[in-house]
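Enquirer: following is a predicted model, sequence given first.
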Amino acid sequence: MLMRNNPNSKVILTIGIVLVVIIGLIIIVTQKEKEYTFEEGFNALQEIDNKYNTSFRTERLNVSMPPADVIPSIIKDIQSFESTLDKKSQSPEVKALFLFSDIRKLMLTSEWYFQKGMELGDKGLVNDPTGFSCSETQDIITATFKFLSFSIMFFNIG
């Protein structure tokens, strides 16, 4: 009964609640980033590939690639993984993980562009045996426009 009427007890209770909230926030914020070994991070990236039934080891342009509509989701998952890494870490293992995940995202982006380019077809290709002529100008402009619109769609996802 003495504690309820004592004004100091309310101050102490308020300070206690504030401290608990601050400590909780510190724990949540510091646990977001993890100091991975390269092997742990590499395995986590392989799990992302497994989720989409693909593997960087077996992918080949025009042979074995994840479908273009799945690639943005894979990249999003890789970016989520990267957000768990300690960006301030100077360890060679974390640096290597960032480098590997960047390479993986570039590989997937290349595969996505390749598939979108294949959707455009052969018209306007500049490497055909006869080269290209003025009569193909409109095809080249149309292909360029479509390619740029594909790029805008791809990079606006997420």
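Expert: That came through fine.
Enquirer: count the neighbours of Glu35 for me.
Expert: 11 (other C-beta atoms under 10 Å). To be clear about C-beta, it is placed using only N, CA and C from the backbone, and glycine gets the same treatment.
Enquirer: and for Asp86?
Expert: Asp86 has 14 nearby residues by other C-beta under 10 Å.
Enquirer: ok, which stretches of the protein are helices?
Expert: Shown for the chain, the helices assigned by DSSP state H span residues 2-5, 7-32, 38-51, 71-82, 92-120, 137-156.
Enquirer: how is this structure partitioned into domains?
Expert: Annotated domains of the chain cover 1-32, 33-156 [automatic domain parsing].
Enquirer: any idea which of the ones you listed has the lowest pLDDT on average?
Expert: Lowest mean pLDDT within those: domain 1-32, at a mean of 65.
Enquirer: which of the domains of the chain sits most buried?
Expert: domain 33-156 (a mean of 14; mean count of other C-beta atoms under 10 Å).
Enquirer: quick revisit: okay if I get the helices of the chain as TSV plus distance to Ser64?
Expert: Output for the helices of the chain, formatted as TSV (distance: least, C-beta to C-beta, whole Å):
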stretch	distance to Ser64
helix 2-5	71
helix 7-32	35
helix 38-51	12
helix 71-82	13
helix 92-120	10
helix 137-156	20
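Enquirer: closest to Asn62 out of those?
Expert: For those, the distance to Asn62 is smallest for helix 92-120, at 7.0 Å, taking C-beta to C-beta.
Enquirer: is Phe114 in contact with Leu61, as I believe?
Expert: Yes - counting by C-beta atoms under 8 Å, Phe114 sits close enough to Leu61 to count as a contact (5.2 Å).
Enquirer: any idea which residue sits dead centre in the protein?
Expert: In the chain, the centroid-proximal residue (C-alpha atoms, centre = their mean) is Gln79; its distance is 2.7 Å.
Enquirer: circling back: which of the helices of the chain sits closest to Met65?
Expert: helix 92-120 (4.5 Å).
Enquirer: relative to helix 137-156, how tilted is the closest one?
Expert: With axes from the mean of the first three to the mean of the last three C-alpha atoms, to 10 degrees defining the directions, helix 92-120 sits at 140 degrees from helix 137-156.
Enquirer: got the angle for helix 92-120 vs helix 38-51?
Expert: Note on geometry: by the same axes, to 10 degrees, helix 92-120 and helix 38-51 are set 20 degrees apart in direction.
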